[in-house]
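Student: Give me the fold of what follows.
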Amino acid sequence: MKLFRLAGFWMLWLLSGVCVFPASPVTVHGDAPQYRGDTLQFFIYDDLLSYTPLTLARIPVLPDGSFQGKFQISETMEIFVDLGIYRAFFYAEPGHTYDIILPPRKEKQIKDVLNPYFKPEPVHLGIRGTDAGNLNILIDRFDRVYHPFFYSHARSVFTETRNKHLQEFIDSVRNTFSGAGNAFFNDYMEARLVTLEVMILSDRARVLDKYTGFARNIRYRNPGYMELFNQVFNRYFSYLKRGVFSDKLAAAIIRYNDPDSLANVIDASLGGHYPQFTELVMIKGIYDAIYDGSFPKDKLMNLMEKINEVTLFPEHHKMISNLIRKVRFLEPGSDAPDFTLPDVYGHLVSLSDFRGKYVYLNFSSRLSYSSLRQFPLLEQLFEEFADQLVIVTVAPEDDPEALKYLRESRKYSWIFLVCSPSCTTPGDYGIRVFPSYYLISPDGKVVLSPAPPPTENFESVFLKILKKSETE
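Tutor: Take a look at the predicted model:
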């Protein structure tokens, strides 16, 4: 495997600390009386391929509305904090202090939780005491110019007149921000502007001509750069399958199942040799192909794991580990995420309380017709399998008394848990629609993900599972 044959030597070099940036503290503070008593959870994305959230700090807002805390970072990065309907963000540089201004409080409503298309509204946090050269001011000023142009011209991307206006816009923006002395901002701006240019390119690899250094200096922490990368190389294997590289790509993945063979195909498609960048394209391509079904999943997972074993680049190891976890999320045999929520009587209940029995876990809502229609069938299952099966309903609810009334008035016997608009349990299970069902084993492992609802013959499926478990 020629691409990786020096892995041992280079890994020792990397671990020696040559490429490691020392972490420096970042201090955040402010006054937000509307949030008194809350805890602000600041997080980053562990990488900008998997977008796995990683908590940096939990900072309490004191009774007087003030807050202050620290976290460590080793390079400039985008920091987030979820505040009700908002996903607030700012850019932090190591060693700096930020007096941040939180937006007016606006909590999520149950309608937001039940809406599968709901996304938090992005808000760039204000920072007191900043000057015009501050990174956050630069990016905010640029975004206010860039985004309106992007959305207004996206539909006319292939028209000739738009190309003239595009170049005029790009020249104007570069002239406006020519004096910015912040390298992170310059990379951010350049990537955003190139994003406009590559929209009209039929050959994706030509982005390497448009963006000098795009393949040779990867900005893993710069959202402008990584969003451009993700756009250009979205479903890249499917793109290659439609052209001259189709047979070689299939052979590299299926016949040889070898990272070197795949790297050769990617290099050829890019028209150059960029080992680190090529590997990043491979990782992105494999992950996308797992979901679009363009190649067998087992072959793709084998390739991903092989790259993870020998990669020279710590950032890629982290990405692959996060992507593999996403792919295997809630697969049969994986651990079911535990949770603790109050029932309709205020008693705290945890999933782990039910070890020793199967759990038919469902996420349902009294505001959902499908949920209400299936509740009587859940009662029948409760009565039939009382000794083997615990039924637990997690219900998004801003009126616990209404949920309690529903349970008591209909004389339902199983457990109803109250999930407030701010609770994270549905997100932990990737819930997008209500109702959704899972079957959890007596030792807390996922058995069925998703499980069939009671209207789709769950009873028969569960009887087969019980019979099989008795013979093992």
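
Student: phi, psi of the most centrally placed residue in the chain?
Tutor: Ranked by distance to the mean C-alpha position of the chain (CA atoms, centre = their mean), the top residue is Tyr51 at 3.5 Å. Main-chain torsions, Tyr51, degrees, to the nearest 10: phi 50, psi 50.

Student: quick one, strands of the stretch 351-472 of the chain?
Tutor: Here the stretch 351-472 of the chain has its strands, by DSSP state E, counting those that start in this stretch, at 358-363, 389-396, 415-419, 436-440, 446-448.

Student: can you list contacts of the third one?
Tutor: It refers to strand 415-419. Contact with strand 415-419 is made by 113, 341-344, 349, 390-397, 400, 403-404, 407, 425-426, as judged by CB atoms under 8 Å, 6 or more residues apart in numbering. In short, each C-beta sits where N, CA and C put it, glycine included.

Student: Pro94 contacts Met77, correct?
Tutor: No. Here Pro94 does not reach Met77: they are 9.1 Å apart, not a contact under CB atoms under 8 Å.

Student: In terms of neighbours, single out the busier of the two.
Tutor: A count of neighbours by other CB atoms under 10 Å puts Met77 above the other of Pro94 and Met77, at 20 against 16.

Student: Which residue is the nearest non-sequential neighbour of the more buried one?
Tutor: Distances taken as CB to CB, 6 or more residues apart in numbering put Arg221 closest to Met77, at 4.7 Å, once the chain neighbours are dropped.

Student: try Ser50
Tutor: Nearest residue to Ser50 in three dimensions, chain neighbours excluded: Asn322, at 3.8 Å (CB to CB, 6+ apart).

Student: quick one: secondary structure of that neighbour?
Tutor: helix (DSSP: H, G, I helix; E, B strand; the rest coil).

Student: Pull the contacting residues for it.
Tutor: Asp46, Asp47, Leu49, Ser50, Thr52.

Student: ok, it to His147 distance?
Tutor: Per CB to CB, to the nearest Å, Asn322 is found 28 Å from His147.

Student: Arg128 too?
Tutor: 24 Å.

Student: Output the lowest mean pLDDT helix or strand found in the protein.
Tutor: Ranking every helix and strand in the chain by mean pLDDT, DSSP states H and E puts helix 7-15 at the bottom, with a mean of 38.

Student: after that one comes which helix or strand?
Tutor: As assigned by DSSP states H and E, the chain's next helix or strand after helix 7-15 is strand 24-31.

Student: To which secondary structure element type does Pro116 belong?
Tutor: coil.

Student: Run a quick neighbour tally on it.
Tutor: By other CB under 10 Å, the burial measure for Pro116, its neighbour count, is 9.

Student: list the contacts for it?
Tutor: Arg432, Val433.

Student: how far away is it from Glu331?
Tutor: Using CB to CB, Pro116 is found at 22 Å from Glu331.

Student: Walk me through the domains of the protein.
Tutor: Here the domain assignment for the chain is 19-129, 138-327, 340-471, based on automatic domain parsing.

Student: how about the ones you listed in CSV, adding mean pLDDT?
Tutor: Shown next, in CSV, are the domains of the chain (pLDDT from 0 to 100):
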stretch, mean pLDDT
domain 19-129, 95
domain 138-327, 90
domain 340-471, 96
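
Student: and which of the contacts of Asn322 is nearest Asn230?
Tutor: Using CB to CB, Leu49 comes nearest to Asn230 of the contacts of Asn322, at 7.2 Å.

Student: can I assume that closest one sits in a strand?
Tutor: No. Using three-state DSSP, the secondary structure at Leu49 is coil, not a strand.

Student: excluding its backbone neighbours, what's nearest it?
Tutor: Met319 (4.9 Å).

Student: Which helix or strand lies directly C-terminal to the strand or helix carrying that neighbour?
Tutor: Using DSSP H and E, Met319 sits in helix 314-327. Using DSSP H and E, the helix or strand that follows helix 314-327 in sequence is strand 340-342.

Student: Any buried residues in that following strand, and which?
Tutor: Neighbour-count burial for strand 340-342, with 16 or more other CB atoms under 10 Å as criterion, is recorded at Leu341.

Student: and that strand, what other elements does it pack with?
Tutor: Using 3 or more CB pairs under 8 Å, 6 or more residues apart in numbering; DSSP states H and E as the contact test, the elements touching strand 340-342 are strand 348-350, strand 415-419.

Student: Name the strands paired with that strand and say parallel or antiparallel.
Tutor: Using DSSP bridges, the strands paired with strand 340-342 are strand 348-350 (antiparallel).

Student: Just give the nearest non-adjacent residue to Asp82, would you?
Tutor: Nearest to Asp82 is Pro120, by CB to CB, 6+ apart, at 6.4 Å.

Student: what's the neighbour count on that neighbour?
Tutor: Neighbourhood size, Pro120 [other CB under 10 Å]: 15.

Student: what's it sitting at in phi/psi?
Tutor: phi -60, psi 150.

Student: how near is it to Asp112?
Tutor: From Pro120 to Asp112 the distance is 9 Å (CB to CB).

Student: what comes into contact with stretch 224-232?
Tutor: Residues from elsewhere that reach stretch 224-232, judged by CB under 8 Å, 6+ apart: 48-49, 187-192, 194-195, 198, 204, 207, 211, 214, 218-220, 280, 284.

Student: helix, strand or coil for the residue nearest to Phe89 when sequence neighbours are not counted?
Tutor: Using CB to CB, 6+ apart and skipping the chain neighbours, the partner closest in space to Phe89 is Phe80 (4.9 Å). For Phe80, the assignment made with three-state DSSP gives strand.

Student: Next up, the contacts around Phe80.
Tutor: Going by CB under 8 Å, 6+ apart, the list of residues near Phe80 reads Phe42, Phe43, Ile44, Tyr45, Pro53, Arg87, Ala88, Phe89.

Student: from those residues, which is closest to Pro103?
Tutor: Ala88 (6.3 Å).

Student: doesn't the closest one fall inside a strand?
Tutor: Yes. Assessed with three-state DSSP, Ala88 lies in a strand.

Student: who touches it in this structure?
Tutor: Ala88 neighbours (CB under 8 Å, 6+ apart): Phe80, Val81, Asp82, Leu102, Pro103, Pro122, Val123, His124, Leu125.

Student: what sits opposite the third one in the beta ladder?
Tutor: Beta-bridge partners recorded for Asp82 (DSSP bridges): Arg87.

Student: Around it, count how many other residues there are.
Tutor: Neighbour number of Asp82 under other CB under 10 Å is 17.

Student: May I ask you to confirm that it is in contact with Gln41?
Tutor: Yes. Using CB under 8 Å, Asp82 is in contact with Gln41, at 7.0 Å.

Student: How much space separates the residue nearest to Phe89 from Val390?
Tutor: Distance of Phe80 to Val390, given as CB to CB: 36 Å.
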